[in-house]
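A.B. asks: fold the following.
(one chain, ligands or ions: 1)
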Amino acid sequence: MSMNVNSPTDITPNSHCSVNLPTLVVHSPVHREHKRRNSEPSSPTLPATPQYPTYFAGFPSYSFEPWNVRLASRQSPNRRIKPLPSQLLSSNSYNKPPRRPSSSSSSTDSPAVSSTYLYLQDDDTETLLEEEIGYDHRFISNSSYSHSTISNTNIMSNSAGTMKRKVVIMGSPSVGKTSLTQQYVSPPTYNASYYPTIEDTSHKTVNYNGVQYECEIIDSAGLEEYSLFPGKYGIGVHGYILVYAITSRQSFEMIPIVHDKILDYAGLEKVPCVVVGQKLDLQSERAVTTAEGEALAKKLNAGFIESSAKDNKNVSKAFDVLLAEMQKEYNPAPEKKKASWWSWGAK
Ligand SMILES: Nc1nc2c(ncn2[C@@H]2O[C@H](COP(=O)(O)OP(=O)(O)OP(=O)(O)O)[C@@H](O)[C@H]2O)c(=O)[nH]1
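C.D. replies: Below is the predicted model:
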């Protein structure tokens, strides 16, 4: 606000005027932090806030201005950053979702969510201020913001205490993903003919380690090295079966690539996985040793098994290994109570 001042007599104690004075703006880290914490009030011209009635209810609303906000997901601080989806940029405002519970939380189960980082980009200094949020990727990847589909597996699927598990089977073409799935879901099923899969979903209820799981198993199309990772396989998925054929070196080399794509998409350091060396019956054509398979699985922090869908060998074990990995991640056994000091003396 400014006003021309003609002479000193124009200025009276009550005159509504101000004089243009140089303003010193200091953008200290404290100032930026203050800005970040007080980013709540937004311009009245901003479009309406999208509503997330169930999942995001009860969390404080965050409003951002498009020129200094950028949302990115990443696995670790040095990883590549995904661009902000246009629909979120245009929305400008959303409710902050709940934090992702850590695997050590006392909850019996955890939601299949991805850790995502939210960056507030300071317009003056380009400093990235970040805030970790627990975040379901459907939030950004589904342009219709259809939150009715968000899975929160903290909730038991029914009164009998069954837990839902969504599993995706991935790997190179023709390694035996479909054969493995079919043999598991409805044994004995084995088809020597090869029909490339586009996508197939099947269900099986299993009891593992005293817990009943309702598994949704998605048999995906074979991936090539430069295939784009299908985003839908990074959403609400609890675990992955990464399949190669022991007869194909190339399919084995695809495993870390697929694994990396999954982590990249999910923005996580770790996802429950089992590496499966398929076609175990074809020993004479073996191109990948068991030790190599084990070493790779260890490197990827995954379970490992070799199987033959043809002979129905280790097929259900492959799924059990994944269930074990998922149990470790989502519903670990409660820590044993430490003996208190007085109980030592009582012995
Ligand atoms: N010898 C042997 N052949 C197998 C085994 N599993 C699958 N096959 C054969 O390998 C071929 C491919 O099997 P699929 O199960 O269709 O492989 P896939 O990985 O689902 O293939 P895509 O749909 O292209 O991704 C078929 O001819 C199967 O009969 C196995 O354990 N042993």
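A.B. asks: and the stretch 201-347 of the chain, which residues reach the ligand?
C.D. replies: 221-222, 278-279, 281-282, 308-310 (C-beta under 6 Å from any ligand atom). Using the backbone N, CA and C atoms, a C-beta is placed for each residue, glycine as well.
A.B. asks: just these: which are in strands?
C.D. replies: residue 278 (DSSP state E).
A.B. asks: and the two most separated of the residues of the stretch 201-347 of the chain next to the ligand?
C.D. replies: Greatest spatial distance in these: 221 and 281, 24.1 Å, computed using C-beta to C-beta.
A.B. asks: now do the buried residues in stretch 313-325.
C.D. replies: 314-325 (16 or more other C-beta atoms under 10 Å).
A.B. asks: now tabulate the residues you listed in TSV and tack on distance to residue 292, secondary structure and pLDDT.
C.D. replies: Below are the buried residues of stretch 313-325 laid out as TSV (distance: C-beta to C-beta, whole Å; DSSP: H, G, I helix; E, B strand; the rest coil; pLDDT from 0 to 100):
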residue	distance to residue 292	secondary structure	pLDDT
314	17	coil	98
315	21	helix	98
316	24	helix	97
317	19	helix	98
318	18	helix	98
319	22	helix	98
320	22	helix	97
321	18	helix	98
322	20	helix	98
323	25	helix	97
324	22	helix	96
325	20	helix	96
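A.B. asks: nearest to the ligand, of those residues?
C.D. replies: Proximity of the buried residues of stretch 313-325 to the ligand was ranked by C-beta to the nearest ligand atom; the top entry is residue 315 with 8.7 Å.
A.B. asks: quick one: contacts for the closest one?
C.D. replies: 180, 183-184, 187, 307-309 (C-beta atoms under 8 Å, 6 or more residues apart in numbering).
A.B. asks: now tabulate the residues you listed in a markdown table and tack on distance to residue 252 and neighbour count.
C.D. replies: What follows is the contacts of residue 315, written out as a markdown table (distance: C-beta to C-beta, whole Å; neighbours: other C-beta atoms under 10 Å):
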| residue | distance to residue 252 | neighbour count |
| --- | --- | --- |
| 180 | 16 | 28 |
| 183 | 21 | 24 |
| 184 | 21 | 24 |
| 187 | 26 | 12 |
| 307 | 14 | 28 |
| 308 | 16 | 22 |
| 309 | 17 | 29 |
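A.B. asks: just the residues you listed: which are in helices?
C.D. replies: 180, 183-184 (DSSP state H).
A.B. asks: of the residues you listed, which are in range of the ligand?
C.D. replies: Near the ligand, by the rule C-beta under 6 Å from any ligand atom, you find none of the ones in helices among the contacts of residue 315.
A.B. asks: closest to the ligand out of those residues?
C.D. replies: Relative to the ligand, the closest of these is residue 180; by C-beta to the nearest ligand atom it sits at 6.7 Å.
A.B. asks: list the buried ones in stretch 193-205?
C.D. replies: 197, 200, 204.
A.B. asks: contacts for it next, please.
C.D. replies: 162, 173-174, 177-178, 181-182, 184-185, 212-222.
A.B. asks: just the buried residues of the residues you listed.
C.D. replies: For the contacts of stretch 193-205, buried by 16+ other C-beta under 10 Å: 162, 173-174, 177-178, 181-182, 184-185, 213-222.
A.B. asks: out of those, which are inside helices?
C.D. replies: 177-178, 181-182, 184-185.
A.B. asks: any idea of the pLDDT on residue 107?
C.D. replies: pLDDT recorded at residue 107 is 38.
A.B. asks: ok so, going back, now for the buried residues of stretch 313-325: which two are most distant?
C.D. replies: For those, the farthest-apart pair by C-beta to C-beta is 315 and 325; their separation is 16.7 Å.
A.B. asks: please enumerate the strands of the stretch 201-347 of the chain.
C.D. replies: Assigned by DSSP state E, counting those that start in this stretch, the stretch 201-347 of the chain shows strands spanning 211-220, 239-245, 273-278, 303-306.
A.B. asks: any regions of the stretch 201-347 of the chain where pLDDT drops low?
C.D. replies: By pLDDT under 70, the low-scoring segments of the stretch 201-347 of the chain are 333-347.
A.B. asks: state which one residue of it is found closest to the ligand.
C.D. replies: Nearest residue of the stretch 201-347 of the chain to the ligand: residue 222, at 3.1 Å (C-beta to the nearest ligand atom).
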